[in-house]
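Q: What would the 3D arrangement of this be:
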Amino acid sequence: MGETMGSEIDENESGVYCKEGKGKRLWKKVKYQLVEYHSLPAYLRDNEFILGHYRSEWPLKQVLLSIFTIHNETLNVWTHLIGFFLFLCLTIYTAMKIPKVVDLHALQHFSDLLKNADIHKLPSEFVSCLPDLQKLRDELASSFPSIDLLSSPSSWHIVEILKNCLPKGFFHGNNTDVCALRNVKNDLTNIIAPLIVRPITRWPFFAFLGGAMFCLLASSACHLLSCHSQRMSYIMLRLDYAGISALISTSFYPMVYYSFMCDPFFCNLYIGFITLLGIATILASLLPVFQTPEYRTFRASLFLAMGLCGVGPVLHKLIVFWDQPEALHTTGYEILMGLLYGLGALVYAMRIPERWMPGKFDIAGHSHQLFHVLVVAGAYTHYRAGLVYLRWRDLEGC
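A: Down below sits the predicted model:
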C-alpha cells in the first residue's frame, strides 16, 4: 500500500503529471514552460506565422520576471524599453542644455568683437548711443562659458559696422575714419537682439518627447504583461494603441507650432485637427473588434493615415518659407521620418519576414521587432528636426 501511495501519479493544475514520491515535484520545474501557437487561448492568437515560444496566462510575478528570459516577446519588450530610456535621456538633455543654444557661430564673432574692444577709449557721445558693452560682454561670458573670448577678431558684419563707426584707435590696428553715429544704435540693436533674447517656448517640443516616451513605455509594458490574462491583455492593448496615437499626434506639434507660430489661425487649425483625430483613434481602439487579427491591416492603415495628415502642413510650410534653408532642412528630416514609419507599418501589416518562413523568426527578426526599431529610428529623426526648429525660431522669432 505504501509503495502504491509513493508511486501514485497525480495531475496538477497545469496538466503536467508528476510522481508524488519525488523530493522535488517535477511540475514545479515545467509549470511555466513556453507553449506553441495552437495551445494559446483565442485572445492571445495574433500572428499564426510565429509558431512557438509563447507565454500563456502566467502569474503576474512570473510575467514580470520573464523580462529577463528568452521568449518570442523578449526583443519586443526591450526594443521599445531601450527606446524609452533613450528619449528620457534626450528629454533631460533638452531641458538642461538646449534652451541655451543659439547661433554659437554668431556669438563667437560677437564675443571676439567685445574682447578686442577697449571700452575706456570710447568718447562720451558714443557711449550714450551704445548698450553697455562691458555688461553685455560679462553676460555673454557667464551665459555661454563655452565661447572662447580670446579668439581672434572675425570678419562678421557687426565688426565692420563698429569699425566704421568707432573712433580711430578703438580697435588695434584700425585706421578707419570716424563716421556718423546717428544709425549705429539701430544697426547694433537689430544685430544683437536675436542673440540675447529669451529662447522660444519649448512646450511643443516637450509634448512630442512626452508622447514618444509614453508610446515606447506603453508598448513595452503591453508586450510584457498581455499574456497574464484576458482582462490584462485588453487593458494593455488599449494602452498601446493610445501610445501610438499620442506619438503620431504630438509629432505634429513642433512642426506645426514653429512653422506657423506667427499665423495663429493655421497653427491652431492644424494642431486642433490632429489632436481631435488622435482622440478619435483612441476611442475607436476601445472597440473589442479593433484588436482582432482580422483588423491588423485596418489598424496599420488607420495609423498610417494619421501620419499622412502631416503632408498638408509640410507643403504649406514649404510654400510659405520656400526661401528659408531651415524649412528645407526640417522637411528632409520629416520625409525620412515618414519613410521609416511607413516602412514599419508595411512590415507590421504584411508580417514580413515570418510569413515567408513560419517558425524561423519566432525569437528574433520577426515583423513586430522590425516595426519597433523603425519607430524608434523615426522618432529620433523627428527629434533632430525639432532641434532645427528651435534654433531657427530662437534666432528669428516671428
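Q: Could you measure from residue 241 over to residue 221?
A: 13 Å (CB to CB, to the nearest Å). C-beta: built from backbone N, CA, C; applies to glycine.
Q: and residue 92, how far is that from residue 351?
A: Distance of residue 92 to residue 351, given as CB to CB: 37 Å.
Q: And residue 241, by the same measure?
A: Counting by CB to CB, the gap from residue 241 to residue 351 is 18 Å.
Q: swap in residue 306?
A: Residue 306 is 21 Å from residue 351, by CB to CB.
Q: go on, residue 363?
A: If you go by CB to CB, the gap between residue 363 and residue 351 works out to 16 Å.
Q: Tell me how many other residues crowd the closest residue to residue 64 other than its chain neighbours.
A: In space, and not counting its chain neighbours, residue 64 is closest to residue 224: 7.4 Å by CB to CB, 6 or more residues apart in numbering. For residue 224, the neighbour count with other CB atoms under 10 Å is 21.
Q: same check, this time on residue 67
A: Residue 67: 16 neighbours (other CB under 10 Å).
Q: That one and residue 224 touch, don't they?
A: Yes. The pair residue 67 / residue 224 is scored as a contact, 5.8 Å apart, by CB atoms under 8 Å.
Q: show me what contacts the residue lying closest to residue 355 once chain neighbours are set aside?
A: Excluding the flanking residues, the one nearest residue 355 by CB to CB, 6+ apart is residue 49, at 4.9 Å. In this structure, residue 49 makes contact with 351, 354-355, 358-359, 366, judged by CB atoms under 8 Å, 6 or more residues apart in numbering.
Q: got a winner among those residues for most neighbours?
A: When the contacts of residue 49 are compared by neighbour count (other CB under 10 Å), residue 366 ends up highest, at 23 neighbours.
Q: And it, how far from residue 355?
A: 10 Å.
Q: neighbours of residue 47, just the number please.
A: So residue 47, with other CB under 10 Å, has 18 neighbours.
Q: Just say helix, strand or coil for it.
A: coil (DSSP: H, G, I helix; E, B strand; the rest coil).
Q: was I right about it contacting residue 354?
A: Yes. Counting by CB under 8 Å, residue 47 does reach residue 354; the two are 7.1 Å apart.
Q: shared neighbours of the two, anything?
A: Common contacts of residue 47 and residue 354 (CB under 8 Å, 6+ apart): 366-367.
Q: Now list whatever residues contact both of residue 67 and residue 224.
A: In contact with both residue 67 and residue 224: residue 77, using CB under 8 Å, 6+ apart.
Q: Check which residues of whichever strand or helix holds residue 380 are buried.
A: For residue 380, the enclosing helix or strand under DSSP states H and E is helix 367-396. Buried residues in helix 367-396, defined by neighbour count with 16 or more other CB atoms under 10 Å: 367-383, 385-395.
Q: what's the answer for stretch 233-246, then?
A: Buried-residue list, stretch 233-246, by 16+ other CB under 10 Å: 233, 235-246.
Q: tell me the domain ranges of the protein?
A: Domain ranges of the chain: 1-31, 64-99+200-396, 103-196, per automatic domain parsing.
Q: where does the stretch 201-350 of the chain dip in pLDDT?
A: Within the stretch 201-350 of the chain, no range satisfies pLDDT under 70.
Q: Show me the strands in it, by range?
A: Using DSSP state E, counting those that start in this stretch, no strands are found in the stretch 201-350 of the chain.
Q: which stretches of it form helices?
A: Secondary structure of the stretch 201-350 of the chain (DSSP state H, counting those that start in this stretch): helices at 203-225, 230-260, 264-285, 296-308, 311-320, 325-350.
Q: out of the ones you listed, nearest to residue 72?
A: With distances scored as CB to CB, the stretch of these nearest to residue 72 is helix 203-225 (9.7 Å).
Q: Point out the other elements, helices or strands, that that closest one touches.
A: Helices and strands touching helix 203-225, by 3 or more CB pairs under 8 Å, 6 or more residues apart in numbering; DSSP states H and E, are helix 60-65, helix 74-96, helix 230-260, helix 367-396.
Q: For that helix, buried residues please.
A: Here helix 203-225 shows 204-225 as buried, counting by 16+ other CB under 10 Å.
Q: Stretch 331-349 now?
A: Neighbour-count burial for stretch 331-349, counted by 16+ other CB under 10 Å, picks out 331, 333-334, 336-338, 340-342, 344-345, 347-349.
Q: what do you get for stretch 288-295?
A: 290-291.
Q: Could I have the CA atoms of it written out in CSV?
A: The C-alpha coordinates for stretch 288-295 follow below in CSV (Å, rounded to 0.1, in the frame of the first residue of the first chain):
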residue,chain,number,x,y,z
PRO,A,288,-13.1,44.9,-28.8
VAL,A,289,-13.1,44.1,-32.6
PHE,A,290,-10.2,46.6,-33.1
GLN,A,291,-7.6,44.2,-31.6
THR,A,292,-8.6,41.1,-33.6
PRO,A,293,-6.1,39.7,-36.1
GLU,A,294,-8.6,40.4,-38.9
TYR,A,295,-8.2,44.1,-38.3
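Q: I would like the residues contacting that stretch, please.
A: Outside stretch 288-295, the residues touching it (CB under 8 Å, 6+ apart) are 45-48, 234, 237, 241, 284-285, 299.
Q: Adding distance to residue 314, write these out as JSON lines.
A: Rendered in JSON lines, the data for the contacts of stretch 288-295 read as follows (distance: CB to CB, whole Å):
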{"residue": "45", "distance to residue 314": "39"}
{"residue": "46", "distance to residue 314": "34"}
{"residue": "47", "distance to residue 314": "34"}
{"residue": "48", "distance to residue 314": "38"}
{"residue": "234", "distance to residue 314": "36"}
{"residue": "237", "distance to residue 314": "31"}
{"residue": "241", "distance to residue 314": "25"}
{"residue": "284", "distance to residue 314": "25"}
{"residue": "285", "distance to residue 314": "26"}
{"residue": "299", "distance to residue 314": "24"}
